[in-house]
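K.L.:
have a look at this prediction, sequence included:
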Amino acid sequence: MTNPIPGTQEWLDLVIEEVVDPARPIVDPHHHLWPAGGALPYGLDALHSDVDGTSSGGGHRIVRTVFVECGAAYDHAAPEHLLSVGETSFVAGESARDPAHLIGGIVSSADLRRPDLDEILDAHAEAGGHLFKGIRHALSSAEHPEALRIPGRAPRDLATDPSFRRGVGRLGDRGLTYDTWHYHYQNGDFLDLARAVPQTTMVLDHFGTPLGVGPYAARRDEIRAGWRDTIAEIARCPNVVAKLGGLAMPDNGFEWHTARRPPTSDEFVAAQRDWYLHTIDCFGPDRCMFESNFPIDRWSLSYGVLWNGLKKIAATFSATEQDAMFRGTASSVYRLAAA
């Protein structure tokens, strides 16, 4: 008998669990979507399949989500600086056709270095309406792109570029958030940026992506030690909040995407708990929000198992602290309407 291919629904269905704490309201502040024929087969129906429990192990009470840019549905008929507005229009349209209006926020893409940034932000605001919450212009710059499944291609000095810093500051002036995705060795660059632009709320995605593949695989202890120190320093910046998730990406090195079956929630917790607890200890629950990073982390485990694992990690915290990490922080940072 042939084993199911990792990442497929058949493979994910090898581990199905009863939902932990099913009544808990959750805001998932980080997922992606692509139109038909896009980079990944993950549209609104697939999102609902995961969220509503019609795929393996779903059924958690997801009351709102936030879409984060992924280079999808760009408008190639638009001027070059407005290409990414097509993505905002696409997601706003998906939200409008969804009777549940699950998507409550959009974090769009823009080149924050541009002198016409306000025109770009105005266009996103017009396309997204009340859903438009902020921008992610990722800092991720891969040292060894050949080793990574998702290599970031930003200029290595982006965080120190004066025009970029002005753009990040402009987001704060307009009441918008700045999201970053970068690698562990760029945490220091992000720390300097957060200190230089204190008026802007910044969201640290995916723990600063500690890598664990290629040349990084043999340095896991060294990388973790350095990561712990820089996370503690970043947490001292009051304008930064942390998204807790995205560690199941293949580039983090846990290798679940190549296993005969996906991990159980207990196996997920055993492998990743310490990364979560250190970040929560540094930032405090009121500056942390759990995220799915779907469908990227779907290469490694199912939506239901992931949220079971997150609930188990949070189980020792108070009811108020758990509510902050599962719902309150994301709702506040992204200014989401009540579900």
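P.N.:
Yes, it's here.
K.L.:
which residues of the stretch 51-200 of the chain fall in helices?
P.N.:
85-97, 117-128, 162-173, 187-196 (DSSP state H, counting those that start in this stretch).
K.L.:
brain fart, the stretch 201-339 of the chain
P.N.:
220-235, 265-283, 303-314, 319-323, 329-333.
K.L.:
tell me which of those helices sits most buried.
P.N.:
Stretch with highest mean neighbour count among the helices of the stretch 201-339 of the chain: helix 303-314 (a mean of 25; mean count of other C-beta atoms under 10 Å). Quick note: C-beta positions are derived from backbone N, CA and C, even for glycine.
K.L.:
using CSV, write out every CA atom in it.
P.N.:
Included here for helix 303-314 are C-alpha records, laid out as CSV according to Å, rounded to 0.1, in the frame of the first residue of the first chain:
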residue,chain,number,x,y,z
TYR,A,303,-5.6,23.0,11.2
GLY,A,304,-7.4,21.1,13.9
VAL,A,305,-4.2,19.5,15.3
LEU,A,306,-2.4,22.8,15.2
TRP,A,307,-5.0,24.7,17.3
ASN,A,308,-5.2,21.7,19.7
GLY,A,309,-1.5,22.1,20.2
LEU,A,310,-1.7,25.8,20.8
LYS,A,311,-4.5,25.3,23.4
LYS,A,312,-2.3,22.7,25.2
ILE,A,313,0.6,25.2,25.2
ALA,A,314,-1.6,27.9,26.7
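K.L.:
quick one: list the elements packing against it.
P.N.:
helix 44-52, helix 265-283, strand 288-290 (3 or more C-beta pairs under 8 Å, 6 or more residues apart in numbering; DSSP states H and E).
K.L.:
residues in contact with the second one?
P.N.:
It stands for helix 265-283. Helix 265-283 is contacted by residues 17, 20, 207, 210, 228, 231-232, 234-235, 240-242, 244, 247-248, 254, 263, 288, 301, 305-306, 308-310, 312-313, 317, 325 when judged by C-beta atoms under 8 Å, 6 or more residues apart in numbering.
K.L.:
averaged pLDDT, that helix. What do you get?
P.N.:
Taken as a whole, helix 265-283 has a mean pLDDT of 98.
K.L.:
and the angle for it with helix 220-235?
P.N.:
Going by axes from the mean of the first three to the mean of the last three C-alpha atoms, to 10 degrees, helix 265-283 is angled at 40 degrees with respect to helix 220-235.
K.L.:
can I get helix 265-283 as PDB, trimmed to CA atoms?
P.N.:
Provided in PDB are the C-alpha atoms of helix 265-283 (Å, rounded to 0.1, in the frame of the first residue of the first chain):
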ATOM      1  CA  SER A 265      -0.800  17.800  18.900                       C
ATOM      2  CA  ASP A 266       1.200  16.300  21.800                       C
ATOM      3  CA  GLU A 267       4.200  15.800  19.500                       C
ATOM      4  CA  PHE A 268       3.800  19.300  18.200                       C
ATOM      5  CA  VAL A 269       3.800  20.600  21.800                       C
ATOM      6  CA  ALA A 270       6.800  18.500  22.800                       C
ATOM      7  CA  ALA A 271       8.800  19.900  19.800                       C
ATOM      8  CA  GLN A 272       7.900  23.500  19.900                       C
ATOM      9  CA  ARG A 273       6.600  24.500  23.400                       C
ATOM     10  CA  ASP A 274       9.800  26.100  24.600                       C
ATOM     11  CA  TRP A 275       9.800  28.500  21.600                       C
ATOM     12  CA  TYR A 276       6.300  29.600  22.500                       C
ATOM     13  CA  LEU A 277       6.800  29.900  26.200                       C
ATOM     14  CA  HIS A 278      10.000  31.900  25.900                       C
ATOM     15  CA  THR A 279       8.300  34.400  23.600                       C
ATOM     16  CA  ILE A 280       5.200  34.700  25.900                       C
ATOM     17  CA  ASP A 281       7.500  35.100  28.900                       C
ATOM     18  CA  CYS A 282       9.300  38.000  27.200                       C
ATOM     19  CA  PHE A 283       6.300  39.800  25.600                       C
END
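K.L.:
one step back: and the helices of the stretch 201-339 of the chain: which comes nearest Lys133?
P.N.:
helix 329-333 (8.4 Å; C-beta to C-beta).
K.L.:
helices and strands around the closest one, which ones?
P.N.:
Against helix 329-333 (3+ C-beta pairs under 8 Å, 6+ apart) you get strand 25-31, strand 61-68, strand 288-290.
K.L.:
switch those strands over to TSV; also include distance to Gly43.
P.N.:
TSV is the format used below for these (distance: least, C-beta to C-beta, whole Å):
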stretch	distance to Gly43
strand 25-31	11
strand 61-68	12
strand 288-290	23
